[in-house]
Every structure is written in C-alpha cells, then in structure tokens.
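Trainee: Take a look and give me a structure for this.
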Amino acid sequence: MSGHSKFANIKHKKEKNDAAKGKIFTIIGREIAVAVKEGGPDPANNFKLAQVIAKAKSNNMPNDTIDRGIKKAAGEGSNVNYEYITYEGYGPGGIAIIVNTLTDNKNRTAANVRSAFTKGNGNIGTPGCVSFMFDNKGQIIIDKEECEMGSDDLMMLALDAGAEDFAEEEDSYEVLTSPDDFETVREALEKEGIPMLSAEVAMIPQNYVDCTDEEAVKGIQRILDILDEDDDVQSVYHNWNE
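Mentor: A predicted model of the protein is given here:
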C-alpha cells in the first residue's frame, strides 16, 4: 500500500542519549498521571491510559516505573494539576507546526512556545490555523533491523488487525490506523513479538513541504530544538520534508 507519511515525522522525538530518554520518561509520567486522574488506574477500562502505556513501552520505560506512576497518581492526596494545551503556527518557509504541551503553568508555557517560534523567525497562529493540514492517526514505527518478519507478512498482519495503511521506508516500516483501532492493531503486533520503535496517536501531515533556503532551514531547526528542550512540550508535529 502506498505510504504518505515519513519516519522523519518522529525523528526529532527519538531518544538520542540518556538525557533525552530521561525527558521522555518525565513526559510519559505526566501523561500517566493525567490519564489516571481522568479515567482511573485500570487500562482495561481507561482507553487513554492504555494508549499512554503503549507509548511508554515503545520508549522502553520499565514496567515497574509504569506501575509506580499509576499507583502514585491513583493514591490518596494525589495533586495532579496538569493541563493539555495545543499551539499552532508557522515556521520559516511556510512550514506548519503543531506543539502539544502538558503544563501546570499556562503563562510560562505560552511564553516559552512563543519565544521558540520568534527565535526561529516563525509565528504562532490561532487554534486551527494549521491542524486542518494534518490527520489524527495511530502511528506505529518499526525498525527494520529489529524486525525479523518480512515486509509482506508484516503488512498482512497489520492490515488484518485493522490498520488503514502500511508503508516501507529506507530503515523502517510505518503502520497507520484510525485512533479507535490503534490499540487493537498495536496489541496484535505486540502479540507476534514485533518490536515497536514508536507507538502513539499522532498528527500526520497530509502533505510534506520542501524547504531549500538555508536560513529558513536553520530557523525551522532552531524552533524544533528549543521546543525539544522544553519540559512542558509533549510532542511536536510538522510538515517539513527533512
């Protein structure tokens, strides 16, 4: 099946060293806390929590760390006051950027995100200004080197489980699902021992934009780098064809 999304969409979110991995664990820990507060500690009855646990496992978070996070959030006196806020805007060259945050201080986060766009010569826009160019999809990335199953068999496994699309990139496979079918497809792959580099519901660009201007590229990368370093930023999606 033809693929329209690229592994580059999550490239900047992969843990590259211990410090980055520590940030990933902090981000997921916050998501676990909020999911438990909203829907309870049982992932069988809390779809949001099940999604976060899948994301945690794909990032190699230890099971005992996940369990501790759930128990802490479910405990008496737990004071979870995080709030999800999404920002949308444009980077240089008309690159669309979506920033998902989880914060306990809206003013701090808004100022930091706005500063990141400004320093990279971009602009924050109004809600909805770029999200119409993305589709909300379940996205599972599988590293070719880690996967023993052949591409044809893997594609059939994913499609039979309910996936919408399967794409083969140079170094990875990508499985796309509807948000509702994401957990079913992920569980089917997990049952067959398929190692997943990333598994989450993500914003997938409908089209990618090329940017060849050197100064514009520097600006885009600066925005993404600053956002990556911000502890309040959960995820960043863009349509830049890196």
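
Trainee: can you give me the helices in this structure?
Mentor: Listed in chain order, the helices of the chain (DSSP state H) span 8-11, 18-39, 47-58, 63-74, 106-119, 151-161, 182-191, 214-229.

Trainee: got a list of what the residue lying closest to Arg108 once chain neighbours are set aside touches?
Mentor: Nearest in space to Arg108, with sequence neighbours left out and distances taken as Cβ to Cβ, 6 or more residues apart in numbering, is Asp232 at 7.2 Å. Every residue, glycine included, has its C-beta placed from N, CA and C. The contact partners of Asp232, taken as Cβ atoms under 8 Å, 6 or more residues apart in numbering, are 101-103, 105, 108-109, 112.

Trainee: Buried ones from those residues, can you make that a PyMOL selection?
Mentor: What follows is the PyMOL syntax for the buried subset of the contacts of Asp232, where burial is set by 16 or more other Cβ atoms under 10 Å:
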select buried, resi 101+102+103+109+112
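
Trainee: so which of the helices of the chain gets nearest Asn207?
Mentor: With respect to Asn207, and counting by Cβ to Cβ, the nearest of the helices of the chain is helix 8-11 at 12.3 Å.

Trainee: where are the low-confidence patches of this protein?
Mentor: Across the chain, the ranges flagged by pLDDT under 70 are 1-21, 76-80.

Trainee: mind giving me the domain split of it?
Mentor: 11-74, 83-132+207-238, 134-205 (automatic domain parsing).

Trainee: Could I get the buried residue list for the longest strand anywhere in the chain?
Mentor: The single longest strand within the chain, with elements called by DSSP state E, is strand 134-143. Under the neighbour-count criterion of 16+ other Cβ under 10 Å, strand 134-143 has 134-135, 137-142 buried.
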